[in-house]
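# The sequence isn't on hand, but the structure is:
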């Protein structure tokens, strides 16, 4: 197979729009196609490119994070706005996640890396293991993202509709290789994600330094598997993997119970709490399309020409902060926007004073304590509830709140509320509600979990080119 064909078509996925485009797969420092997938340098270039793709504003660079908050009940749109995310906030039909054709080309890059890495001659066994483990982690993260966006949780199926997304595990190098894959069930996609992460864990290690945060590590893979297991109601696995991630040394829990202590999780280039974060260099900044820009205006100036400050906490989100919760002061700033009192969100403040270059915190160690707390509480029993309270009270103490003595269902409610407040504005809320089959109770009305608008549509272009795809209900 010609190397130049491989490198040019490495981004081609399984649908119409992704086939029409020849995606750039050159790494940040361009390499010759002669070293494409037959050398360690070429493979590393493609891997770096896959990581870089995650920073796009249509993916983790903005939309996946912000849409999860506005589709759910955490955020609303300020009265004076730039018309961004308005339809999502109102849960209009088709105003939803829209990254199907963006994610599959990145999955294909991971597939190509997995297919070719064992064949290269100029890499050591340890280097091959690391590269393959990272590609497996990325594939797992992306399939997990897709299935949670475009399908019902396997444990919360509505009207027996159990379809997930197509699973492609072989790298595509030419258009003729593309097959019209059908949708696997959501349970099958979860199984594939778990298999990829289990394999990644055996291949990865936990290197010292910040590279362990911005490249997949063993601890990061264990952390993601903890989340997957919690979503899939496999509670002992959620506990075991959360514990392994906590003990991995990749991240450190920030225990200082002050406003400045909490802000230190977010105002540094590399968060001490990150088990996996997406690195954004100055050259990769999304600028006006960054998360920072949609959550605030530059330097919090209401008359600034840079930034929108359109997405603000909902009334119900503001009510979720208990009296004395230092997180409210740490992550929100009160402003007057065109005559309307609102709060601007400070979790993406422009690290080091650089505009729009906050690393995206995908998995934090605080989530691991909350994952473990919920899993212990759902397993039940006095001993497990003691362990659950210890974990959730660690989060509460850092927020300046008293310990809870709740038991049973009330303890689960406390944990879920802590999860909402601790992980607010970071892209968790929609997925936490839908994994539990909960209605979305918003300031402007309630979206029932049984409403077809819980799911986005499969893109029309993909349906046109692939007769094996089935539409989501209601579309």
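Good, I have the coordinates. Small disclaimer: the values here were computed from a predicted structure and weren't measured.
# where do the helices sit along the stretch 301-450 of the chain?
Ranges of helices in the stretch 301-450 of the chain, per DSSP state H, counting those that start in this stretch, are 315-320, 326-331, 365-379, 382-398, 408-422, 429-435.
# Turn those helices into CSV, including distance to residue 290.
All C-beta spots, glycine's among them, are computed from the backbone N, C-alpha and C. Shown next, in CSV, are these (distance: least, CB to CB, whole Å):
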stretch, distance to residue 290
helix 315-320, 21
helix 326-331, 17
helix 365-379, 23
helix 382-398, 27
helix 408-422, 23
helix 429-435, 20
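# Would you mind saying which of those lies nearest residue 307?
helix 326-331 (16.6 Å; CB to CB).
# Packing partners of that closest one?
Packing partners of helix 326-331 (3 or more CB pairs under 8 Å, 6 or more residues apart in numbering; DSSP states H and E): helix 259-263.
# out of the helices of the stretch 301-450 of the chain, deepest packed?
Among these, helix 365-379 has the highest mean neighbour count (mean count of other CB atoms under 10 Å), at a mean of 25.
# so which of the helices of the stretch 301-450 of the chain gets nearest residue 41?
helix 365-379 (33.6 Å).
# what is the mean pLDDT for the closest one?
The average pLDDT for helix 365-379 rounds to 99.
# That helix packs against which elements?
Against helix 365-379 (3+ CB pairs under 8 Å, 6+ apart) you get helix 218-231, helix 235-246, strand 274-278, helix 382-398, helix 408-422.
# Touching the third one from outside, list them.
Yep, that's strand 274-278 we're talking about. 51, 54-55, 60-61, 213-214, 216-217, 219-220, 223-224, 245, 248, 250-251, 270-271, 359-365, 368 (CB atoms under 8 Å, 6 or more residues apart in numbering).
# before we move on, the earlier item: adding distance to residue 113 and mean pLDDT, write the helices and strands packed on helix 365-379 out as CSV.
Formatted as CSV, the helices and strands packed on helix 365-379 follow (distance: least, CB to CB, whole Å; pLDDT from 0 to 100):
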stretch, distance to residue 113, mean pLDDT
helix 218-231, 16, 99
helix 235-246, 24, 98
strand 274-278, 18, 98
helix 382-398, 36, 98
helix 408-422, 34, 98
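# Of all these, which one comes closest to residue 475?
Minimum separation from residue 475 across the helices and strands packed on helix 365-379 (CB to CB) falls at helix 218-231, 24.0 Å.
# report the angle between the axes of the closest one and helix 365-379?
With axes from the mean of the first three to the mean of the last three CA atoms, to 10 degrees defining the directions, helix 218-231 sits at 40 degrees from helix 365-379.
# Now do the buried residues in stretch 243-255.
244-246, 248, 250-251, 253-254 (16 or more other CB atoms under 10 Å).
# next one: stretch 344-356
344-351, 355-356.
# Among the residues you listed, list the two that are farthest apart in space.
344 and 351 (16.6 Å).
# picking that back up, got TSV for the buried residues of stretch 243-255, with distance to residue 111 too?
TSV is the format used below for the buried residues of stretch 243-255 (distance: CB to CB, whole Å):
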residue	distance to residue 111
244	27
245	26
246	31
248	27
250	26
251	29
253	35
254	37
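# Considering these, which is situated nearest to residue 409?
residue 246 (26.0 Å).
# Disregarding residues adjacent in the polypeptide, which is nearest to the closest one?
residue 368 (5.2 Å; CB to CB, 6 or more residues apart in numbering).
# who touches that neighbour in this structure?
So residue 368 contacts 223, 226, 242, 245-246, 275 (CB under 8 Å, 6+ apart).
# one more time with 10 Å
Residue 368 makes contact with 219, 222-223, 226-227, 238-239, 241-248, 251, 253, 273, 275, 391, according to CB atoms under 10 Å, 6 or more residues apart in numbering.
# what's the answer for residue 214, then?
Residue 214 neighbours (CB under 10 Å, 6+ apart): 51, 220, 269-270, 274, 276-280, 359.
# which residue sits closest to residue 310 in space, ignoring its chain neighbours?
That would be residue 81: by CB to CB, 6+ apart, it lies 4.2 Å from residue 310.
# Isn't the one you found up against residue 337?
Yes: the pair formed by residue 81 and residue 337 meets the contact definition of CB atoms under 10 Å, at 8.9 Å.
# if I look at those two, which residues touch both of them?
Common neighbours of residue 81 and residue 337 (CB under 10 Å, 6+ apart) are 308-310, 312.
# Take the residues you listed and lay them out in CSV including pLDDT.
Output for these, formatted as CSV (pLDDT from 0 to 100):
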residue, pLDDT
308, 93
309, 94
310, 96
312, 98
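# pLDDT wise, what is the most centrally placed residue in the chain at?
Residue closest to the average C-alpha location in the chain (CA atoms, centre = their mean): residue 362, at 5.2 Å. Confidence at residue 362, expressed as pLDDT, is 98.
# Quick check: closest non-adjacent residue to it.
That would be residue 276: by CB to CB, 6+ apart, it lies 4.8 Å from residue 362.
# Same check on residue 350?
Closest to residue 350 by CB to CB, 6+ apart is residue 292, at 5.6 Å.
# Now that neighbour: phi and psi?
The phi and psi torsions at residue 292 (degrees, to the nearest 10) take the values phi -50, psi -40.
# Next up, the contacts around it.
62, 285-286, 298, 306-307, 309, 345-351, 354-358.
# Identify the residues contacting the closest residue to residue 269 other than its chain neighbours.
Counting by CB to CB, 6+ apart, residue 269 lies nearest to residue 351, which is 4.7 Å off, once chain neighbours are set aside. Residue 351 makes contacts with 266-271, 280, 292, 357-359, as judged by CB under 10 Å, 6+ apart.
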